[in-house]
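S.K.: Compute the structure for the input listed below.
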Amino acid sequence: MLPLRLSLMIVALGLSAAPLRVAAGSQPTATANWPGFRGPSASGRADRQRVPERWDATRHRNITWTVAIPGLAHSSPIVWGDRLFLTTAISSRPDATFKPGLYGEGTASEDRTPQKWVVLALDRATGRTLWERAAYEGVPREKRHIKATYANATPATDGRYVVAFFGSQGLYAFDLAGRPVWQRDLGVLDTGAYDLPEYEWGTASSPIIYKDLAIVQCDQQKGSFLLAADAKTGATAWKTMRDELPSWGTPTVYEPSTSGRSAELVTNASNFIRGYDPMTGRELWRLGGSSKITAPTPIFTEDAILVASGRRERHHGT
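M.R.: Numbers count the residues shown, from 1 in each chain. Have a look, this model is predicted:
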């Protein structure tokens, strides 16, 4: 579910031409931004917002507007000022979908047809499309899980740039008017089951923007790394290799309130939970023994960092 700070409800965003519905009754100020996955500092908090307690999409109760979004996407919308940004992947197959529900299969989707990876900007008040940009078009360079989409990662913005990560299809930056600023090819990311490499599942870790850096976590079967790109130019500010299994968590920058203590970039992955210097990529600490299938994003309070391991039945046993 979309964080309440946006006062948005997404209904079946992963279905072709699915509706994006905005709940009425809450009009946050222009400063109430939601710049990335789980909002400011990945907190998931929506303080002092007048959100409706009930809504009904079929009866249009407390719904301000509805707009159809083509394609498949598990990514979340983000908000900056009067604009809402989101991503989607549009298949060449008109019947493209994913398989919801609880079941044990871990196979990849059969949809390897040409796709179009898209970034959109909508007017926050009306849902009107302000701009739509195709970041990449072609045959997917990676497979996706049958439960997933080719647009799993939530974009990020700092009010100057919108950064979208499409896994093996690349990392892209646009300005708020939709003009392309830069793009990076990070190679083919082989992400899937730790014990069955042929079960490709696709990427899901979302980018974050910290100061002038766009940071992505790219954990895969071999050659895992963290990358910080200059948000203005896309040039590599630093790249840190890591001995990791595939993971899907989004990194978080912990900024302690304690005077004199520096910020830490915290990552969750199978082999280790790690802390890094966000400006240099230097590893500061590590904690071992997490889950073999790791997706939760680290969060923090003023004096503690909280990290969930993931699937218990796939833990290390430590």
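
S.K.: Could you use CA atoms for every contact and neighbour count after this?
M.R.: OK.

S.K.: Tell me who's in contact with the residue lying closest to E137 once chain neighbours are set aside.
M.R.: Excluding the flanking residues, the one nearest E137 by CA to CA, 6 or more residues apart in numbering is K116, at 4.5 Å. Residues in contact with K116 (CA atoms under 8 Å, 6 or more residues apart in numbering) are 89-91, 134-138.

S.K.: ok, now with 10 Å
M.R.: Listed by CA atoms under 10 Å, 6 or more residues apart in numbering, the contact partners of K116 are 71, 88-92, 133-140, 150.

S.K.: Compare those and tell me which is most surrounded.
M.R.: For the contacts of K116, the largest neighbour count, defined by other CA atoms under 10 Å, is 31 neighbours, found at Y150.

S.K.: ok, now which ones touch the residue lying closest to that residue once chain neighbours are set aside?
M.R.: Excluding the flanking residues, the one nearest Y150 by CA to CA, 6+ apart is A89, at 5.7 Å. Residues near A89 by CA under 10 Å, 6+ apart: 14, 16, 70-74, 115-119, 134-137, 149-152, 166.

S.K.: hmm, try it at 8 Å
M.R.: Neighbouring residues of A89 by CA under 8 Å, 6+ apart: 71-73, 115-118, 149-151.

S.K.: CA atoms of stretch 94-105 as CSV?
M.R.: Only the C-alpha atoms of stretch 94-105 are listed here, as CSV (Å, rounded to 0.1, in the frame of the first residue of the first chain):
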residue,chain,number,x,y,z
PRO,A,94,-1.5,-7.1,-24.5
ASP,A,95,-2.2,-9.9,-22.0
ALA,A,96,1.0,-9.5,-19.9
THR,A,97,0.5,-9.9,-16.2
PHE,A,98,2.1,-11.3,-13.1
LYS,A,99,0.9,-14.2,-10.9
PRO,A,100,-0.4,-13.0,-7.5
GLY,A,101,-1.1,-15.1,-4.4
LEU,A,102,0.6,-17.5,-2.1
TYR,A,103,2.4,-20.5,-3.8
GLY,A,104,5.9,-22.0,-3.8
GLU,A,105,7.1,-21.7,-7.3
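
S.K.: Need the per-residue pLDDT for the nearest residue to G187 once chain neighbours are set aside.
M.R.: Once flanking residues are discounted, G187 sits nearest to S168: 5.8 Å by CA to CA, 6+ apart. Here the pLDDT value assigned to S168 is 97.

S.K.: same check, this time on A308
M.R.: 89.

S.K.: same question, A24
M.R.: For A24, the predicted pLDDT is 61.

S.K.: before we move on, back to that, give the bridge partners for the residue nearest to E137, please.
M.R.: According to DSSP bridges, the residues that bridge with K116 are I90, E137.

S.K.: so where is the stretch 1-150 of the chain shaky, pLDDT-wise?
M.R.: 1-19, 21-31 (pLDDT under 70).

S.K.: swap in the stretch 201-318 of the chain?
M.R.: In the predicted model of the stretch 201-318 of the chain, residues 259, 312-318 satisfy pLDDT under 70.

S.K.: count of neighbours near K232?
M.R.: 16.

S.K.: In this structure it contacts I209, no?
M.R.: No - with contact defined as CA atoms under 8 Å, K232 does not reach I209; the gap is 11.2 Å.

S.K.: roughly how far out does stretch 197-216 sit from the chain middle?
M.R.: In terms of CA atoms, centre = their mean, to the nearest Å, the centre of stretch 197-216 is found 7 Å from the chain centre.

S.K.: That one: which residues count as buried?
M.R.: Using 16 or more other CA atoms under 10 Å as the test for burial, stretch 197-216 gives 199-210, 213-216.

S.K.: what do you get for stretch 220-235?
M.R.: Going by 16+ other CA under 10 Å, stretch 220-235 has these buried residues: 220-221, 224-232, 234.

S.K.: now, the most widely separated pair of these?
M.R.: Pairwise distances across those peak at 30.3 Å for Q221 and K232 (criterion: CA to CA).

S.K.: ok so, going back, cross the contacts of A89 against strands and list the overlap.
M.R.: With strands taken from DSSP state E, the overlap with the contacts of A89 comprises 115-118.

S.K.: can you redo those as CSV with distance to P180?
M.R.: Converted to CSV, the ones in strands among the contacts of A89 look like this (distance: CA to CA, whole Å):
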residue, distance to P180
Q115, 19
K116, 16
W117, 14
V118, 12
